[in-house]
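Visitor: coords below, sequence missing:
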């Protein structure tokens, strides 16, 4: 270890500590803050983020990086850590300060107008601000691309999931489009024979749902001595590895969304809790990227919790908690409901079979926007045409079309592919876990996640950001990302009568 | 306005914004954080506090202060703001960095050992660490004293309540001691005829108490669009002026402490909410000191909420909320309970008549410790002797004696006088408010705090830190601190059969 590398680790730990404060204040804002705090909170978050960013761009960092790279640490993980420090520094310095500020300002402006536009279902309201924001994002993408030797859109993707290129994603998504074209009608025909009505009788008391969510999360491995479960409009997993904050929302008319939502966030939380403590607050100690993160939420929610094994355990528990007839929560009833496929206009309401279609649409549209091949004014029509092509439906209005997601309107491009890469990775990891842990489903049938969690901890969580997405998969499953496992999973679940 | 003053206002606003984050994380730690977060939280708080401190001691600050002082702002409040910036800078630079660190480390060590010592009731356990801490505090006090031209103990008091000297406090406290010597036996003789049993029948459901607390705080003027009420082991008021966080604890066996505690914290909260927004995040926009702050909590809790007028309103409301007989919550029953005088060993359980005795004891002991006239080893005996002299009781053990308060064990000396200066100021302000607002008690009899609050906003809150403690009182009441109003208040409440 050189002095320079040592100084860098202290600096990055300090930055990460400030970012932890940002994460906590972000949770507070979403979960408990009274409305009156909004303005002051925006200042607090901007100031702390600015301070953390400032630590990264001080001249000493470049000097220390150069010295450390000339005599890199002997330890592999420390060398990777140093490489990730370089990457963070390059990201922070590639984009001029004025552009960073202009992006922050325009994102904030555009997001505010988007909220009104979505409410009004009027894309024209936000087209101008989105156009201005896109222009800035394209400059940012070029600057990042130049710094990293990547095409502009690749540079944006890379910010969210390192080392994945649009040129690799495109064929994977094209293959899925073909799979879906055949699978969706078959799945629909099969499920037409089943009763997908909600099991049991509403209302399902919030307090009972909350207690159930807490119990299921704990049984899935979440340690509430190091975590909280609260409410927020948009469920998320925040906080820090030793103080994880997950949120959900409750609907007394339907218990499914809170329960499955909490299991989803629990997957994210378990990843955070399992990150290598020896590299806490170091770049190599964080998660391996957003696709990797999504793989962990989806392996819990989609792969494990929606399995026959687990639903067979869940049904009687639900009946007892809600004081209702166990027969109403039988495996056929529960699985028909929790695995119902629908051609929905709304991404966040989509089932796992059609969800990738929503992502594929956004991937293609944002790639075209960044490339300059799609003008903002043409977005609604391109969106609706894409929905017709992919799912055969047309959004009734832009609120349920191109206005539905916040991402682009707050300047986030290149994020969407992570959702589907994560879903595919989850299937691939689950298949590998099943091969490695023979009793995995027997345990799930008892509500016991520990064999699965043990495998994930050793093969995913403990690596932190040691490996890129594909290398992480290769180490854990023996191969890079392979959509065949996801297709096999979907076929077994949706295409068998 | 000079450029230098402008730069200073921006810098102080930025510091204050970081301190807001510290305040929010402090609330989170006390109110909602899972245990697992403790270590990371300590790092976050230390890092952010260090960052804020760092902003204050950068060389540019001294340079800008010198330039701004050479051509001070024309506006009175801005000139005061500049003076308070100088004061903050002097406080931050008077004490060498190594001493600040040594104090932080030893405070943390001593506080941890104190927790164990208090639990064990064993002062000897913590005598060594407290001695080391006191030695550091005495160096700190000398350094601050040298910088401010104050005696060491005065310099410590000045940190909590600017412009109040031990030499001014001592005669005020001596006078109170004499007053109490006569008043306490008389009050006890009078109350012996009254039934001070808790009105109503326990249990008093937590949920009902919480709803009541929320209602009473709101009716006292707390705007829950800019505030929250939560639970914590030690009640406090935290947060920021537009996002105030007050806490309490509930005891189903007795509703008094939560109710009165919340009204106390509401007084603090109303002060914060009423600070001048035009000087938000500037030194002159903060509260005028801890004695001033305590005057605002006590004017609500002790002066207003324990008045005949308000208790007459509160009784029927309590009876209805708890579903009990209104006769049990009559004014005589409620006031006998809520104004019961006890010679208690514990400060935080003391009534308003004997509370100053607890403060006088601590004031004298800490003055002697800072002066080097009282050794830590002699503290328990001096404490117990003081309790005998002042209240005629002897603590059964050190846990209920000199180990009961955290202050000294975390390095806080010079704070205690604020409690009683605040109580005296509250009485003085209430008397002035009653003179200025004739219908004040009629309004309280309807549960309406708005006439009182309106007067406090104009005469106290809106001034922020514009004036020192005595000048604030002079502007609001026509005279500097005068214990006569507090004595008159106590005589009317406790010495009339």
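Guide: The structure has been received and is ready for your questions. Remember, it's a predicted structure, so these values are computed and weren't measured experimentally.
Visitor: can we go C-alpha only for contacts and neighbour counts from here?
Guide: Noted.
Visitor: Need the per-residue pLDDT for residue A:1.
Guide: What the model reports for residue A:1 is a pLDDT of 54.
Visitor: give me the low-pLDDT residue ranges for the stretch 1-150 of chain A?
Guide: Scanning the stretch 1-150 of chain A for pLDDT under 70 picks out A:1.
Visitor: need the residues of it near chain B, please.
Guide: A:14, A:17-18, A:20-21, A:24-25, A:33-37, A:40, A:43-44, A:47-48 (Cα under 8 Å from any Cα of the partner chain).
Visitor: mind running it again at 10 Å?
Guide: A:14-22, A:24-25, A:28, A:32-41, A:43-48, A:51 (Cα under 10 Å from any Cα of the partner chain).
Visitor: Just the buried residues out of these, in ChimeraX syntax.
Guide: Typed into ChimeraX, the line below selects the buried ones among the residues of the stretch 1-150 of chain A next to chain B, using 16 or more other Cα atoms under 10 Å in any protein chain shown:
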select /A:14,15,16,17,18,19,20,21,22,24,25,28,33,34,36,37,40,41,43,44,45,47,48,51
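Visitor: so of the residues of the stretch 1-150 of chain A next to chain B, which ones are in helices?
Guide: A:14-22, A:24-25, A:28, A:38-41, A:43-48, A:51 (DSSP state H).
Visitor: Output the below-cut-off pLDDT ranges for the stretch 301-450 of chain A.
Guide: Ranges of the stretch 301-450 of chain A meeting pLDDT under 70: none found.
Visitor: For burial, what's the neighbour tally of residue A:3?
Guide: Residue A:3: 11 surrounding residues under other Cα atoms under 10 Å in any protein chain shown.
Visitor: From residue A:63, how far out is it?
Guide: 12 Å (Cα to Cα, to the nearest Å).
Visitor: can you check residue A:403 too?
Guide: Residue A:403 sits at a distance of 45 Å from residue A:63 (criterion: Cα to Cα).
Visitor: quick one, which of these two is more surrounded?
Guide: Neighbours were tallied for residue A:403 and for residue A:63 using other Cα under 10 Å; the higher tally belongs to residue A:403 (24 against 11).
Visitor: and whichever residue of the stretch 301-450 of chain A sits closest to chain B, what does it touch?
Guide: For the stretch 301-450 of chain A, the residue closest to chain B is residue A:450, as judged by Cα to the nearest Cα, at 20.8 Å. Residue A:450 makes contact with A:219-221, A:440, A:443-444, A:456, according to Cα atoms under 10 Å, 6 or more residues apart in numbering or on different chains.
Visitor: Tabulate these (a markdown table), appending neighbour count, distance to residue A:304 and secondary structure.
Guide: Formatted as a markdown table, the contacts of residue A:450 follow (neighbours: other Cα atoms under 10 Å in any protein chain shown; distance: Cα to Cα, whole Å; DSSP: H, G, I helix; E, B strand; the rest coil):
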| residue | neighbour count | distance to residue A:304 | secondary structure |
| --- | --- | --- | --- |
| A:219 | 14 | 13 | helix |
| A:220 | 23 | 10 | coil |
| A:221 | 19 | 13 | coil |
| A:440 | 22 | 9 | helix |
| A:443 | 16 | 10 | helix |
| A:444 | 24 | 7 | helix |
| A:456 | 21 | 12 | helix |
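Visitor: I'd like the residues you listed as TSV, with distance to residue B:109 appended.
Guide: What follows is the contacts of residue A:450, written out as TSV (distance: Cα to Cα, whole Å):
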residue	distance to residue B:109
A:219	37
A:220	38
A:221	34
A:440	47
A:443	46
A:444	46
A:456	39
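Visitor: Tell me the one of those nearest residue A:143?
Guide: residue A:456 (36.5 Å; Cα to Cα).
Visitor: burial count for the nearest residue to the closest one once chain neighbours are set aside?
Guide: Counting by Cα to Cα, 6 or more residues apart in numbering or on different chains, residue A:456 lies nearest to residue A:433, which is 7.9 Å off, once chain neighbours are set aside. Residue A:433: 21 surrounding residues under other Cα under 10 Å.
Visitor: check which helix or strand covers residue A:433.
Guide: Assigned by DSSP states H and E, residue A:433 belongs to helix A:417-436.
Visitor: Could you pull out the buried residues of that helix?
Guide: Buried residues in helix A:417-436 (16+ other Cα under 10 Å): A:417-433.
Visitor: Near chain B, which residues of the stretch 151-300 of chain A? Just list them.
Guide: By Cα under 10 Å from any Cα, the residues of the stretch 151-300 of chain A that approach chain B are A:223-228, A:239-245.
Visitor: Please parse chain A into its domains.
Guide: Following automatic domain parsing, chain A resolves into domains at A:3-150, A:151-497.
Visitor: Tell me which of those domains approaches residue B:132 most closely.
Guide: Closest to residue B:132 of the domains of chain A is domain A:3-150 (Cα to Cα; 29.5 Å).
Visitor: For the closest residue to chain B within the stretch 51-200 of chain A, give me its contacts.
Guide: Proximity of the stretch 51-200 of chain A to chain B (Cα to the nearest Cα) peaks at residue A:51, 8.8 Å away. Residues in contact with residue A:51 (Cα under 10 Å, 6+ apart) are A:15, A:18-19, A:45, B:18, B:48, B:51.
Visitor: Please tabulate the residues you listed in CSV, including the columns distance to residue A:109.
Guide: Formatted as CSV, the contacts of residue A:51 follow (distance: Cα to Cα, whole Å):
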residue, distance to residue A:109
A:15, 27
A:18, 25
A:19, 23
A:45, 16
B:18, 24
B:48, 29
B:51, 29
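Visitor: So which residue is dead centre in chain A?
Guide: Nearest to the centroid of the C-alpha atoms of chain A, with distances taken as Cα atoms, centre = their mean, sits residue A:294, at 4.2 Å.
Visitor: so what's that residue up against?
Guide: Applying Cα under 10 Å, 6+ apart to residue A:294 gives the contacts A:264-265, A:267-268, A:271, A:418-426.
Visitor: Quick one: neighbours of the residue lying closest to residue A:326 once chain neighbours are set aside, just the number.
Guide: With Cα to Cα, 6+ apart as the criterion, residue A:326 has its nearest non-adjacent residue at 5.0 Å, and that residue is residue A:319. Neighbourhood size, residue A:319 [other Cα under 10 Å]: 18.
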